[in-house]
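J.: here's my sequence, what's the structure:
(chains A and B)
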Amino acid sequence: MKAIIAATILGIIMMYAGFVVKEKKSVLSIATLLFVLLLGVNVWELLTAKPGETQMFFNFQLTVTPFSLWFNTLMTAATLLYVLLMGNDIIKVGKHVGEYFALFFFILVGTYMLSSFNNMLIMFLGIEIISIPQYILAGSDKRNLKSSEASLKYFLMGAFSTGILLMGITLIYGATGEFNISKFSFLQLEQVNPMVLTGVLFLIISFAFKVSAAPMHFWTPDVYDGSPTPFTAFMATIGKAAAFIGFIRLFHTSFATISDSWTMVLAIITAATLFVGNITAVFQQSVKRMLAYSSIAQAGFMLFSVVSVSALAWQGLVIYTVAYTMATLGMFAVLLKLKDYTFDGFNGLAKKNPLLAAVATVFIFSLAGIPLTAGFIAKFYMLQTAVAQGNLMWLVIFALIMAAVSAYYYFRVIIAMYFKTGDPEMASELSGIDKFLLVLTAMLVLLVGVAPQILLPNGI
Amino acid sequence: MIQLAYLIPLFPLIGFLINGLGWKSMPKQAAGFLASLMMLVSFGLSLAIFFEVKAGAADTIIPLFDFIHSGKLLIPFAFKIDALSSLFLLIITGVGFLIHVYSTSYMHEDEGVVKYFAYLNLFVFSMLLLVMGSNYLIMFIGWEGVGLCSYLLIGFWFKNRDYTNAAKKAFVMNRIGDLGFLVGMMLVLYNFSTLNYNELFAQINTNQTVLSGSTYTWVAICFFIGAMGKSAQLPLYTWLPDAMAGPTPVSALIHAATMVTAGIYMIARSSVIYNQSEFALHFIAIVGLLTAILAATIAIKQYDIKKVLAYSTVSQLGFMFLAIGCGAYTTAVFHVMTHAFFKALLFLGSGSVIHAMGGEQDIRSMGGLGKKMRITQITFLIGCVAIAGIPPFAGFFSKDEILASAFAHSPILYVAALGAALMTAFYMFRLYFLTFSGKFRGTHEQEHHLHESPAAMTFPLIVLAILATVSGFVGLPEVFSEHHSLNEFLHTAVTNFGAHHMEHNTELMLMGLSVGLVSVMIGLAYARTKSPNFVANTGLAKVLENKWYVDEFYDAVVVNPLVQFSGFLDRIIERKGIDGGVNGVGKMVRWAADRMRLLQNGQVGAYLFTMVIGIVLIFVLGLFFVNF
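T.: Numbering: from 1, shown residues only, chains lettered A, B, ... in the order given. Okay, here's the model as predicted:
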């Protein structure tokens, strides 16, 4: 709650600071400072919360649990890491630098709402608050036609999915007369209403769009590829995580009692997502576009947490989100250091810049789910929840096969770096800070891989 | 003080890290000095701990952290300090330190000397883990670590293909044994759900877990297979003679004094298990005895100074296993100790000889070296006397104890073991006389070059010679003394199987017999080598010279069929079957990918259209899976 207010105010301050301060570097410094401040507020709120206590705000519109506070803190920390890693690239995108940072703050506001909404209207609000800034971010490189195209596509298709979302909410409201998600428990009592079930399917479809699950994934490669690379990194990580927390919160709170009706449909969507993401990534020539498809594939794995209704799924989602976010941010940070985004652009990187190649290897290992990295543990948690579910063994096996396919395109980067010769052109030299942050991120990836418990403190 | 025992392996590890990471920039002298210093510190600590244990300190477990914690399985990374491990600590760090000092001089001209000392420190670290671990897993880590270092050091001069082949042979043979160890560990884990010595042995001793005798036999045999590999017993011994390809100090440290005795340590440590299975003990006794005899016969006809010593090591290890098979674990440990001293001494002495001869190892080209290198000659003689079993040198007491326990077991074992012991005396003195007495048979240039080795090499020789002389007194037989200090020291850690009580008269008579016959053998050796003429061997001698053709036999029976079989697997199964399958799958994926990417055509209209089709499909699915 404090964090929502803080993020809003800091966002507005950021926007005005952008008007006043002209020097881009200074804007970046201010933004970094404000993000640190926001993280501080989050930590403060987390520490002052009583374990296991649920706080209600705004006439039961928001239900803040220790879990949502913990998730918010992690997402804020991830955003701070993102700004630190890519700040210098963000300020190169366009003129109005202050706005970009302000938009990040607003997206965080939406994230906080999605992690603690108790009302479907708040959920809708949260989803729109994270979506609209992303449309803008996608088109922020105004002179670049591809960027504008990405923004327009994203907006058009996003509007389409918003319509479906509203349709779903309306149907459920029509059947139950309720927006409050914790009051749907009556669903189990009476004959389940077809109107409710239709609404649930619509909600699945619109959330599938937000998390880029098949068959609603078509926007992802074009938008991710067209957007300025630093913003692609943000959309693929924190933006996606925000949508997922809303997804799991709605479905595991409200529709858990009728999970029999929707888990199978969602499981098939999961399988389709894994298939499309992994198979299509195989043929890509650009690492950036490969990462877009890989984000679809990874979303397939994250969907496991929604499919398996259990407490373990929430923990799994936290671990997966963090693991995926760190590795993807790291990989994009590496990508930004290079001029050429194709696989060939990585040729011989290990000779030219061993440190960059080494950290990239750690990130790639994590994305592919190699043991000792966070990605392995994350995948393990996800598969474990599905196995515990019982009737989803086929999905687990399919996911494992797809994970094996993913090794093909991920390892192409490693092969290019270590086994091919070439002289990759660097976009910018690594500063000491860059090196430190990249190594730190890689270390974190390994740390979570060895000791995932640090992401699951007691009482969340 | 005992709580600080974790520092003992820490210092060699530090030495390894410094030398290993800085092998390009480290000055040669500094590397040797550093490595030796680390060993000295470890040795000092080991001494302190040894005396504390001797003064009666209780068995101590030093937990460091939880190594594996999964479900009910908890394997801590912990060290166990008791009589057995403290004695081995002393041998490893003590002999290790001397050999490090020796190496600083022996290896000083080698360009890879920094790497050499890094490996040597790593070896000591692993060996310390092996003996200090408080459970079988830590022992196994050390076990594999020493195997790796042995491989690295045998192939240290890796530009010579024969040497790398010898290294590979050692590694592979050890791996065969390791598999046995691993299976044994799994069996223990399955039956007792723990690998910690204390808990395991308590369970066995208090009959908490009642198991059939055959389970114990399986565990015991599996562990012994591990020991066969590491301690070079039949049929896995052939790697050890080849391992002489490594630098001579390595042969002394790894392939004589410490690593090859790991098998003895392991079984002595597991005495509680072995005491449950008489069959396993009999099996060990027979394997040990056969190894002792076989290796001794081969040693008689070898001409390479190091090969003689290598077969002698195999033979002595056989003696140790014979003692174990007779249930006399403490006797085996006693022989480990004395053997560590005199065999390290002999190897270092041979290194000194090779150094003087400019790399020549063939004893046919030596002779008369005693005049030029007095210290080497005298210390080498002490080593020979000790191994041959002349009182009051160390080898006499330990070997006599082995023979006595064999006699108590069965006179047949005794006679066979005595035969091997006599052969030992013969080939050792044959080696001594051919090397140090008579006339020099090498080239003139070599003769000119002959010189005594520098102090860094003779100092360890002298120390080891003293130890080889006096160390037998810790285990005086009952006839001479009421106190067998070694047994009294070890009895808390190791339980012997059955007790041998012999009439004093019988014992004295046996001693007299063996000493008398050994003297005869020495005389025989002297007579045979007085005017040596090396004609080509024929008949049995030729068979012995060619090591009973065991290597050829293994090649024909095991290696070649295996190579053929893997060739078949490679050509047919791997290339055609598996590769075809895997590549086929890969092609399929690429084909699918090629089609799939066409869906992504960039047109928003097409996307929306596909999405709508997708939504319709989801609702169709809903008809099947949702109970509307």
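
J.: please enumerate the strands of the chain.
T.: Looking at chain A here, since you left the chain open. Counting by DSSP state E, chain A has strands at residues A:55-57, A:62-64.

J.: chain B is the one I meant
T.: Counting by DSSP E, chain B has strands at residues B:60-70, B:73-81.

J.: remind me what the first one packs against, helices and strands.
T.: Which is strand B:60-70. The contact analysis (3 or more C-beta pairs under 8 Å, 6 or more residues apart in numbering or on different chains; DSSP states H and E) places strand B:60-70 against strand B:73-81, helix B:136-154. The C-beta positions use only the backbone N, C-alpha and C, and glycine is treated the same way.

J.: average pLDDT across the shortest one?
T.: Think strand B:73-81. Per-residue pLDDT values across strand B:73-81 average out to 88.

J.: again, but for stretch B:372-384
T.: What stretch B:372-384 shows for mean pLDDT is 88.

J.: residues near residue 424, how many?
T.: Using chain A. By the criterion of other C-beta atoms under 10 Å in any protein chain shown, residue A:424 has 22 neighbours.

J.: meant chain B, my bad for not saying
T.: Residue B:424 is flanked by 27 other residues according to other C-beta under 10 Å.

J.: which residues does the residue of chain A found nearest chain B contact?
T.: Of the residues in chain A, the one nearest chain B is residue A:215, at a distance of 2.9 Å by C-beta to the nearest C-beta. Residues touching residue A:215, when contacts are defined by C-beta atoms under 8 Å, 6 or more residues apart in numbering or on different chains, comprise A:208, A:272, A:276, B:610-611, B:613-615, B:617-618.

J.: nearest to residue B:358, of those?
T.: Nearest to residue B:358 among the contacts of residue A:215: residue A:276, at 72.2 Å, using C-beta to C-beta.

J.: surely the closest one meets residue A:299?
T.: No - here residue A:276 lies out of contact with residue A:299, judged by C-beta atoms under 8 Å, at a distance of 10.3 Å.

J.: residues that sit against both of these two, list them.
T.: Overlap between the neighbourhoods of residue A:276 and residue A:299 consists of residue A:217, taking contacts as C-beta under 8 Å, 6+ apart.

J.: are any of the contacts of residue A:215 buried, and which?
T.: Buried subset of the contacts of residue A:215 (neighbour count, 16 or more other C-beta atoms under 10 Å in any protein chain shown): A:208, A:272, A:276, B:610-611, B:614-615, B:618.

J.: and the furthest pair within the residues you listed?
T.: Spatial extent of the buried ones among the contacts of residue A:215 (C-beta to C-beta) is set by the pair A:276 and B:615 at 15.7 Å.

J.: residues touching stretch A:447-460, excluding its own?
T.: A:51-52, A:66-67, A:70, A:74, A:315, A:318-319, A:322-323, A:326, A:366, A:371-378, A:381.

J.: roughly how far does residue A:379 sit from residue B:342?
T.: Relative to residue B:342, residue A:379 is positioned 58 Å away (criterion: C-beta to C-beta, to the nearest Å).

J.: neighbour count for these two, which is higher?
T.: Using other C-beta under 10 Å, the more surrounded residue of residue A:379 and residue B:342 is residue B:342, with 31 against 25.

J.: residues in contact with the residue lying closest to residue B:388 once chain neighbours are set aside?
T.: On the basis of C-beta to C-beta, 6 or more residues apart in numbering or on different chains, the spatially nearest residue to residue B:388 that is not a chain neighbour turns out to be residue B:425, at 3.8 Å. With contacts taken as C-beta under 8 Å, 6+ apart, residue B:425 has the following neighbours: B:388-389, B:518, B:521-522, B:525.

J.: farthest-separated two in the residues you listed?
T.: B:389 and B:525 (13.9 Å).

J.: of those two, which one has the most company?
T.: Applying other C-beta under 10 Å to residue B:389 and residue B:525 shows that residue B:389 carries more neighbours, namely 27 against 23.
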